[in-house]
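Asks: Got a predicted structure here, sequence first:
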Amino acid sequence: MTEGTKSHYEVIVIGAGVAGIYQIKRLVDLGVDALVLDAAADLGGTWYWNRYPGARFDSESYTYGYSFSKELLNEWHWKEKFSGQPENLRYLNYVADKFDLRRHMQFNCRVEAARFDEAHDLWRLKLDDGSELTCRFVIMAVGLLSAPTLPRLSGMDSFKGRSFHTHYWPHEPVEMTGKKVAVIGTGATGIQVIGEIADKVGELTVFQRRPNWSAPLNNSPISEQQMADIRSRYDEIFAACARTPGGFEHEPDRRGFYEASREERLALWDRLYDEPGFGIWLSNFREIFMDEAANAEISAYIADRIRRRVKNPAVAEKLIPLDHGFGVQRVPLETGYFEAYNRDNVHLVDISETPIERITETGLRTTARDYDFDIIVYATGFDAITGAFDQIDISGLGGEKLFEKWKDGPSTFLGMLVHGFPNLLMPTGPQSGSASTNFPRGIETGVNWCTGLLEYMWERGYTRADATCAAEQRWTAHVTKMYEIMLLRKAKSWFTGYNSNVAGHEEGKVRYFVYNGGAPKYVATISDVAAKGFEGIVLSSTERPAARSLAASG
C-alpha cells in the first residue's frame, strides 16, 4: 500500500474507473482522508479492461469527458467524434496525473467482503491478500458493466486454441491474420468486434442467438478547428446534456408522432439514420418508446435499412430482431457491421435453430455440425448493474447480506443508498439516474450528490447515514411504476435484469434496474431531497445516541 501500513480511512472508494476517479478528486479537494481500491493493475475501469478491436464511445467524445475543470476542457483534444479505447484510457490517465490522484489509489487489490461494524459506525473491508481496512464510508464506484459473464457451455476448458471474453481481451496484440475466428454473441460488444475484424481475419463465424437492433455510428475525426469550436461551446454542450432525458446532445422531437405525416416521419428518420450517434434513437418521437404502433413503424423502417445493406436476403432477415422493437433497449451503434456479412469470409450461424452443444478441443459443436477454430471470442455480456456488488460479500445491520436482499431485484433510495446498509453510498447504483443516461453525466450528478451528503454529515458531526425503509420502498415503487409506461418492460435486456448466463436472471422475472424518468427529473428529485436536509435518511452519531431523522414520517 502506498501509504505504508495505514489501515483506516475516512472514505474508501471501490473502483478506479470514470466514477472512482471523479469521486476521489472531489474528496481530495475537500482534504478528506480517502483511498481508491481496484482489482485491476491500473486505473481506467471499463477502458482499462475492454481492449477488444472496435471498443469505443457511443457517446460523442466531448459529451463523455468530465465537465468539472475548465482547464482540463481547454487542454484535451478529442481526436474522433466517438473516441476509441486506447485514447479513452489515455484521457483517464491524463486526468489522474494532472490532478495527482494516483497516489490515492491502490491497485491489484480485490475487496472480498465488507461488513458494517454497528458499534463503531465503521465498514470493515477484507481484501484478497487477507488484510483488513476500515473506513467510515464506503463508496461503490464499481461500474454498471464490469462483471463479465461467460456462456454456460460444457468443454470450455478443453479448447486448445486461444479463447477469451471480450472484457479480458489480451493487452498484447492478438494476431488474427489468416486465422479462423468464432465470435459468440451479437450484443453491443459483438457488433463492435465483428465490424472491426471481419476484413482482418482468415475466416469469421458469428454465432447469434438473438439479433439486436443496431444503427450506424457515423464516426469521423475532429480537426483542430472543430475542437476549438467545441471548446468555445462547452457550456452550451453540457447545458444541452443536462436538459435532455438521456444526458446526450440529442433532444427528442417535440412533435407528436401522429401530428407528423408519414412523409415527415420518413424524412426525419432518413436524416437521423445518416447522422452521427444516437440521434435515430434519442432525437426521435417520444412515442416510439411507449406506443406499440409507433414503435412498429420505426422498427419496420430500420429493418428496411438493414435489408438495403445486406446483400443476401436470408441473412438480412436473420439480422432483424423479431422479439423486441427498435429502441426499447439500448441501441448498439456500429461501423460496417451489416456490410461484414457481405464478405465471403464471414458466416452467420443461428444458434436458436442449431444450438451450441459444447466447446471441443478444436472448436465447437452445434446440433448441426462441428466447427474448427483458432480463436474463440466470447462476446457474451455482463451480469449488469448488480453483478459487481454481488461479487463482494456485503453485510449490513444485523448481518443482513446485500446479495440476499437484492436476490429478486434491487431496492434502493434514489439508487444511491440501501436501507440497513449505513454509510454505503452508490453514486451510480441500481435505480439511479446513471444507467439510463450518458454515463459520465450521470456519474457527475451522483458523485456530487453523495459528496454533498458527506459534507453535510461532517459539518454536523454525524457518523451514520441510513435510508429509511419507507423512503426506500417509495423510491423502488416509483422506479417500478415508471417501467409500466415503457415498452422496455418487455425486453430481454440488462435494463430488465435479463441474462441467460446468470442463474436466477433468466427470462420470466423483471428486475427494475434503471430509472426511466429522465435525467432532468432525477436531478430535480435528488436536489430536492438534499435541499430538505437529506429527507428520507436517518442521520446519527456514535457520540450522540439520539438519532436525528428528517424523515420520521417517511
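Replies: Nice, thanks for sending it over. Note that the structure is a prediction, hence the values are computed from the model and not measured. Numbering: from 1, shown residues only.
Asks: All the strands of the stretch 101-250 of the chain, residue numbers only.
Replies: Counting by DSSP state E, counting those that start in this stretch, the stretch 101-250 of the chain has strands at residues 105-106, 111-117, 122-127, 132-140, 162-165, 180-184, 203-208, 215-216.
Asks: Of these, flag the one that's most buried.
Replies: Most buried of the strands of the stretch 101-250 of the chain by mean neighbour count (mean count of other Cβ atoms under 10 Å) is strand 180-184; its value is a mean of 25. The way it works is simple: take the backbone N, C-alpha and C, and place the C-beta from them, glycine included.
Asks: per-residue confidence for Thr542?
Replies: As predicted, Thr542 sits at a pLDDT of 83.
Asks: Over to Ala547?
Replies: Reported pLDDT for Ala547: 44.
Asks: Could you report the neighbour count for Ala530?
Replies: Look at Ala530: counted by other Cβ atoms under 10 Å, it has 16 neighbours.
Asks: Tabulate the strands of the stretch 101-250 of the chain (a markdown table), appending distance to Val510 and mean pLDDT.
Replies: As requested, these are exported to a markdown table (distance: least, Cβ to Cβ, whole Å; pLDDT from 0 to 100):
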| stretch | distance to Val510 | mean pLDDT |
| --- | --- | --- |
| strand 105-106 | 37 | 98 |
| strand 111-117 | 28 | 98 |
| strand 122-127 | 31 | 98 |
| strand 132-140 | 23 | 98 |
| strand 162-165 | 26 | 97 |
| strand 180-184 | 26 | 98 |
| strand 203-208 | 24 | 98 |
| strand 215-216 | 26 | 98 |
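Asks: Select, out of these, the one closest to Arg152.
Replies: strand 180-184 (12.0 Å; Cβ to Cβ).
Asks: got the angle for the closest one vs strand 203-208?
Replies: 10 degrees (axes from the mean of the first three to the mean of the last three Cα atoms, to 10 degrees).
Asks: May I have the strands that pair with strand 180-184, each with its orientation?
Replies: Applying DSSP bridges to the sheet, strand 180-184 is found paired with strand 203-208 (parallel), strand 375-378 (parallel).
Asks: mind checking which of the ones you listed is nearest Thr354?
Replies: strand 203-208 (9.4 Å).
Asks: just so I know, which of the strands of the stretch 101-250 of the chain lies nearest Asp372?
Replies: strand 180-184 (6.4 Å).
Asks: what does the closest one contact?
Replies: 151, 190, 193-194, 197, 201-207, 356, 363-364, 371-380 (Cβ atoms under 8 Å, 6 or more residues apart in numbering).
Asks: And stretch 108-127, by the same measure?
Replies: Contacts for stretch 108-127 (Cβ under 8 Å, 6+ apart): 12, 14, 37-41, 128-129, 132-138, 392-397, 421-424, 463-464, 541-542.
Asks: PyMOL command to pick out the buried ones of those residues?
Replies: Buried residues within these, by 16 or more other Cβ atoms under 10 Å, are selected in PyMOL with:
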select buried, resi 12+14+37+38+39+40+133+135+136+137+138+392+394+395+396+421+422+423+424+463+464+541
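Asks: Just the buried ones from the contacts of strand 180-184?
Replies: By 16+ other Cβ under 10 Å, the contacts of strand 180-184 give 151, 190, 193-194, 197, 201, 203-207, 356, 363-364, 371, 373-380 as buried.
Asks: Perfect, I'm done here.
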